[in-house]
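In: Structure for this input, please:
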Amino acid sequence: MFKNTKGLILREVRYKEADRILTILTESDGKITAKARGALRKTSRTGAATQQLTYSELTLFGNRGKWTVNEAVIAEPFQGLRERIEDFALGSYFAECLEAFSVEDEPEPELLQLGLNSLYALSRSLYPARQIKAAFELRLMCIAGFRPQVEACPVCGKPEPEEPVLAPESGGVCCRACKKEGRSYRLGKSSLPALRYVVSAPARQLFSFRVDDEGLYELSRAAEAYVLDHAERRFPTLDYYKQFT
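Out: As a prediction, the model looks like this:
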């Protein structure tokens, strides 16, 4: 069975001498694993389009639940990521997160759109990398079912929490005095409005918020911790990215 679809290459692993095993977030089937035969050969017609962090038009052949890339053409190369190692490292972290929070063989258009929008903004330096990263992480949690409550303190109900903190175990943004046991992350006058914006903004305007330097530091620290808390794992690509920041 042949299938035409578009997909973001999340991961590539060398297999044998010239093949690639790919993890792809596709439009039609969500996350799948596929083999790209001969993709590592210099003469391969699928080599460029099956590289990690490439969005491609794919023709897949399916047999007994296994997919093979028959044809592949680049739709968006995100070229800027390949020109700056720190951006490629951050993009790889985005890909690892998308892989971790997606489900095999289940279409997830919001997740794919988030990945594409984030990589596009990063590759073209449309916003500071830290701002893109924080927005990606928070929206990822919303899509994955871990949206933090930001409208009022989830413990006492105050619409404007006193000394607000993002506390994962308390369910979102709460008063410092109300937070339950566990870690919490301070939010100030700039970072709290930014967080509230990110969880509800239209997808195309996700990164279009203003935040001062201190607020961006608070927001990025809280967003990263929120992802790690719910993932309950480390991301090697995040550790690698931090070598450049």
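
In: Just want the phi and psi numbers for Arg196.
Out: phi -60, psi -40 (degrees, to the nearest 10).

In: That one is in contact with Ala152, isn't it?
Out: No - contact criterion CB atoms under 8 Å: Arg196 and Ala152 do not qualify, at 11.1 Å. Glycine gets a C-beta too; all of them are placed from N, C-alpha and C.

In: what's the average pLDDT for the longest strand along the chain?
Out: Longest strand of the chain, by residue count under DSSP state E: strand 2-15. Strand 2-15 carries an average pLDDT of 96.

In: can you pull the buried residues of it?
Out: The neighbour-count criterion (16 or more other CB atoms under 10 Å) identifies Lys6, Gly7, Leu8, Ile9, Leu10, Arg11, Glu12 as the buried residues of strand 2-15.

In: Equivalent analysis for stretch 171-184, please.
Out: For stretch 171-184, a neighbour-count test (16+ other CB under 10 Å) marks Gly171, Gly172, Val173, Cys174, Cys175, Cys178, Lys179, Ser184 as buried.

In: Strands - which of those residues land there?
Out: For the buried residues of stretch 171-184, the ones inside strands are Gly172, Val173, Cys174, Cys175, with DSSP E as the criterion.

In: on that earlier part again, sheet partners, orientation included, of the longest strand of the chain?
Out: Using DSSP bridges, strand 2-15 pairs in its sheet with strand 19-26 (antiparallel), strand 55-63 (antiparallel).

In: Now the ones you listed in CSV, please, with extra columns for mean neighbour count and mean pLDDT.
Out: Listed next are these as CSV, based on neighbours: other CB atoms under 10 Å; pLDDT from 0 to 100:
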stretch, mean neighbour count, mean pLDDT
strand 19-26, 23, 97
strand 55-63, 18, 94
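
In: Out of those, flag the one nearest Ala36.
Out: strand 19-26 (4.3 Å; CB to CB).

In: Show me how this protein divides into domains.
Out: According to automatic domain parsing, the chain comprises the domains 2-77, 80-244.

In: Same list (the strands paired with strand 2-15) but as JSON lines, adding distance to Glu99.
Out: JSON lines is the format used below for these (distance: least, CB to CB, whole Å):
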{"stretch": "strand 19-26", "distance to Glu99": "6"}
{"stretch": "strand 55-63", "distance to Glu99": "15"}
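
In: if we compare those, which one ends up closest to Ser92?
Out: The nearest among those, by CB to CB, is strand 19-26 at 12.2 Å.
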